[in-house]
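# Pasting the sequence and the predicted model now:
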Amino acid sequence: MTVSIHPTALVDAAAYLGASVSIGAYSVIGAGVEIGDGTRVGPHVVIEGPTRIGRDNRIFQFASLGAAPQDKKYGGEPTTLEIGDRNTIREFCTFNRGTVQDAGATRIGDDNWIMAYVHVAHDCQIGNQTIFANNAQLAGHVHVGDWAILGGFTVVHQFVRIGAHSMTGMGTILLQDLPPYVTASGNPSAPHGINSEGLKRRGFSPEAIVGLRRAYKTLYRNGLKLEEATTAIAAEAQGELAPLAALSDFLATAGRGILR
């Protein structure tokens, strides 16, 4: 239950460390930082406040968390970075705080696996159980749903939405919204079916997967305009298949336009 702080680390008196937190050599923890019980911070990590970090996270060396947003409109407002529980944050990750032009907070949920050199810009909203491979780069205001997987060197334009259970291949450039369950790759990116293997591993029923394959064909293969495809999928979603309802809701929400 004892907090462990390496003698070379600098922890501001206005920071809060929960039980069993460990801070590695030469790390700097600033004022306004809150770190929950059991979180381990490696060496040479810089965490600036206001930042709130939950329980049992593992933060590896050379990460920079909670720095001011890379936005020329930012004027020193007290925006925040909020990180949930049980996340793995690997080497050289950079997560910035939010801006008052949006939510005022950059948020990362629980149980995410975030590999080295990942950048999460201001006001991004990341769900739970996601995987970001090395060098995935998110511009400002990006929203990522639960269980999404971003391949290495995926680059995401500002304000893009990435749906739950979707997946990108290595080197994907996302300039438009990626619907839930859909896989995409390339530059320019293109859709390549649904993430059926991932859905099977997460316990989706065969009926749900068949329904999503049918919805994918409606959206991408039947020659329908987006409005027509959206209406058709919404009609199918009136049944008992909840995954179709999630897809329908995503398509009905305004964004940067759907990847097609």
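Right, received. Where do you want to start?

# The spatially most central residue of the chain: what's it in contact with?
What sits nearest the mean C-alpha location of the chain, by Cα atoms, centre = their mean, is residue 126, with 3.1 Å. Counting by Cβ atoms under 8 Å, 6 or more residues apart in numbering, residue 126 makes contact with 107-109, 112, 120, 144. Heads up, the C-betas are built off the backbone N, CA and C, glycines and all.

# out of those, who's nearest residue 161?
Proximity of the contacts of residue 126 to residue 161 (Cβ to Cβ) peaks at residue 144, which lies at 8.1 Å.

# wait, that closest one sits on residue 128?
No. With contact defined as Cβ atoms under 8 Å, residue 144 does not reach residue 128; the gap is 10.1 Å.

# if we can go back for a sec, so what pLDDT did the residue nearest to the centre of the chain get?
The model reports residue 126 with a pLDDT of 98.

# So what does it have for phi and psi?
Note on residue 126: backbone dihedrals following degrees, to the nearest 10 are phi -110, psi 130.

# Relative to residue 12, how far out is the residue lying closest to it once chain neighbours are set aside?
Closest residue to residue 126 in three dimensions, ignoring its sequence neighbours and counting by Cβ to Cβ, 6 or more residues apart in numbering: residue 108, at 4.4 Å. Residue 108 sits 22 Å away from residue 12, going by Cβ to Cβ, to the nearest Å.

# more crowded one of these two?
Applying other Cβ atoms under 10 Å to residue 108 and residue 12 shows that residue 108 carries more neighbours, namely 25 against 15.

# just to revisit the earlier point, quickly list what the residue nearest to the centre of the chain is bridged to.
Going by DSSP bridges, residue 126 is paired in beta bridges with residue 108, residue 144.

# mind listing the helices in the stretch 51-200 of the chain by residue range?
Here the stretch 51-200 of the chain has its helices, by DSSP state H, counting those that start in this stretch, at 196-201.

# can you confirm residue 219 is in a helix?
Yes. The assignment for residue 219 (DSSP: H, G, I helix; E, B strand; the rest coil) places it in a helix.

# Assign a three-state SS to residue 246, would you?
At residue 246 the chain is in helix, as set by three-state DSSP.

# Hmm, residue 180 and it touching each other?
Yes. The pair residue 246 / residue 180 is scored as a contact, 5.5 Å apart, by Cβ under 8 Å.

# just to revisit the earlier point, quick one: the residue nearest to residue 126 from residue 73, how far?
Here the criterion is Cβ to Cβ. By it, residue 108 lies 22 Å from residue 73.
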